[in-house]
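S.K.: Model the following, please.
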Amino acid sequence: MKLRESKRLRRALVAFACACLPVLLALSALSAFAVSAAQKEGAKAAKGAKGQSAPKAGATQKGAAKKDAKRAGGASSNESSAAGPEDEAALKAELDEVVKLSAAERVERLTAFVKAHPRSESVLRARELLVGARAALGDERLGAGDSRGGMELFNAAVADFAPEMSERLFDAVVAQLPANLFLRNHREAAFELARRIERRVKENPRRLLRVASFYLGVEGGDEAARVASEAVRLAPDSAPARQILGAALRLS
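M.R.: Numbers count the residues shown, from 1 in each chain. Predicted coordinates:
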């Protein structure tokens, strides 16, 4: 009896073991797979982190090198642009010699001077002299029958004129250019040049009145009234502006 029960128990244990073994093997394999996968993921992540950190470090070093080079280049550029103060006395002496040249030579030399010495204290004077030289050369071209060349130089003189330039230059040179064309029977070109001048001095009532005076002198009443009205708007207390406006309105 006991022997039978012992045999049954052994058979039950063997059956149980046989039934459990596949499950245990499956669990073991699953665990090993999980560990292997985890190890692979860890290795992959480590590799990725290493790859990312290396380019990043390289990029950082490269960016830093670029910044250093840029700073060095900027410093070098600043040093070269600021290196050696210009000899203002020599530049002034050069301009004193340039004014003795012909109009064509003055245009050439002054153009080169302005380009070569943009930071010089003498550059404003050089630019004013260039306006006068272009106007003088334009007058020569017109007198020689080169109407197109003369007009181009007059237009260039007006384009070179800047608000900070002197009243003497404006009154003696720039404001006279439209009348110069008009007296040579270039009426349309004269009016166009006057409008160009007007745009250049649109914030200066005194200079606008010089343009209005040109229109009055050639009996352009409507244009004179228009320009004088702008001068009055800018300087409502100006007696000359109101006088010229009144004369223009009577003429128109």
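
S.K.: and the host helix or strand of residue 180, average pLDDT?
M.R.: Mapping residue 180 onto the secondary structure by DSSP states H and E places it in helix 177-183. In this model, helix 177-183 has an average pLDDT of 97.

S.K.: Can you show me the helices along the protein?
M.R.: Here the chain has its helices, by DSSP state H, at 2-82, 88-98, 103-116, 123-143, 147-160, 167-172, 177-183, 187-200, 205-217, 221-234, 239-251.

S.K.: List the contacts of stretch 135-155.
M.R.: Applying C-beta atoms under 8 Å, 6 or more residues apart in numbering, the external contacts of stretch 135-155 come out as 103-104, 106-107, 134, 156-157, 173-174, 177, 180-181, 184, 186, 189, 193, 196. In this view, the C-beta of every residue, glycine as well, is placed from N, C-alpha and C.

S.K.: Show me how to select, in PyMOL, the buried members of those residues.
M.R.: Here is the PyMOL selection string for the buried members of these, based on 16 or more other C-beta atoms under 10 Å:
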select buried, resi 103+106+107+134+156+157+173+174+177+180+181+184+186+189+193+196
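
S.K.: For stretch 144-157, buried residues please.
M.R.: Buried positions in stretch 144-157, judged by neighbour count with 16+ other C-beta under 10 Å: 150-151, 153-157.

S.K.: Likewise for stretch 89-106?
M.R.: Burial within stretch 89-106, assessed by neighbour count using 16+ other C-beta under 10 Å, is assigned to 91, 95, 98, 103, 106.

S.K.: try stretch 157-167
M.R.: 157-158, 160-161, 165.

S.K.: still on that earlier bit, contact partners of the helix holding residue 180?
M.R.: 135, 138-139, 142, 151, 154, 157-158, 187, 189-191, 193-194, 197, 211, 214, 217-218.

S.K.: what about this structure, any weak spots by pLDDT?
M.R.: Per-residue confidence for the chain (pLDDT under 70) gives these ranges: 1-86.

S.K.: at 50 instead, please
M.R.: 1-7, 9-60, 62, 64-65, 67, 69-70, 72-84 (pLDDT under 50).
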